[in-house]
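Asker: Compute the structure for the input listed below.
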Amino acid sequence: MTVRMIAPPLTALLAGAVIAACGDSETASTPFAGASNTSDTTTVSGAFALLSKAPNGFGDLSGTAKLIRTGNGTDASIVLSGLKPNTRYVSHVHAGGCDQPDAGGPHFKFVLDGADQPPNEIHLPFTSDAKGDGSANAHSDNTVPIGEGRSIIVHMAGTGAQAGGSSGHSAHGGPSDGNGHSHPPKIACAALGQ
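Answerer: Predicted structure coming up:
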């Protein structure tokens, strides 16, 4: 009776199948890479629209916002033009849409009664260049639930003690959100399709 060893070829076949099934994990973990190609990733985006209560001087503003939800968190990005040159701005993911009376409503928070700063919020501070163009990217290890985080708002950066921080909020000078927090003026809103 002859006994044949079939384990090595079978082992090689199974190892090849496992490697093929795993794919390229480097691409999957890179923010914004392959966002439309994976079943556990959703991308929502929108164009910025100037708000009716925006300060003067932004009539040529345009730009886009994108929010990508993955199994590894959330990536947000914005690109704008028509801003005041060499000026600090801050943007945030907001809970509401652009069409409500207070565009965007409050900031989106992962924990509703948690901190007003990252990692509980997603902030995108930036400074425009000499032509008035600006962009920012942010990553959160938490995933914004589908149906939430419905817009990204661009604000003037604050001029108070906190202006240099990640939020860009001023201690004084902006409207109150009803919770004792004042915010710099809202300039533009990008509704994120859900």
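Asker: Just give the nearest non-adjacent residue to Ala188, would you?
Answerer: Excluding the flanking residues, the one nearest Ala188 by C-beta to C-beta, 6 or more residues apart in numbering is Phe48, at 4.3 Å. For the C-beta atoms, the positions are set from N, CA and C on the backbone; glycine is no exception.
Asker: Can you verify my assumption that the one you found contacts Ser62?
Answerer: Yes. The pair Phe48 / Ser62 is scored as a contact, 6.6 Å apart, by C-beta atoms under 8 Å.
Asker: following the worst-scoring helix or strand of the chain on mean pLDDT, which helix or strand comes up?
Answerer: When the helices and strands of the chain are compared on mean pLDDT, DSSP states H and E, helix 25-29 comes out lowest with a mean of 30. Using DSSP states H and E, the helix or strand that follows helix 25-29 in sequence is strand 42-50.
Asker: What residues sit buried inside that next one?
Answerer: 42, 44, 46, 48-50 (16 or more other C-beta atoms under 10 Å).
Asker: what does stretch 130-148 give?
Answerer: 132, 134, 136, 138-140, 143-144.
Asker: can you list the residues that contact it?
Answerer: Residues outside stretch 130-148 that contact it (C-beta atoms under 8 Å, 6 or more residues apart in numbering) are 31, 42, 67, 69-86, 89, 91, 93, 95, 108, 110, 118-119, 122-128, 194.
Asker: Of those, keep whichever come out buried.
Answerer: Buried members of the contacts of stretch 130-148, counted by 16+ other C-beta under 10 Å: 31, 42, 67, 69-70, 72-78, 80-84, 89, 91, 93, 95, 108, 110, 118, 122-126, 128.
Asker: Just the ones in helices from those residues, please.
Answerer: Assigned to helices by DSSP state H, none of these qualify.
Asker: Which of the residues you listed fall within strands?
Answerer: Residues of these located in strands (DSSP state E): 42, 67, 69-70, 73-78, 80-81, 89, 91, 93, 123-126.
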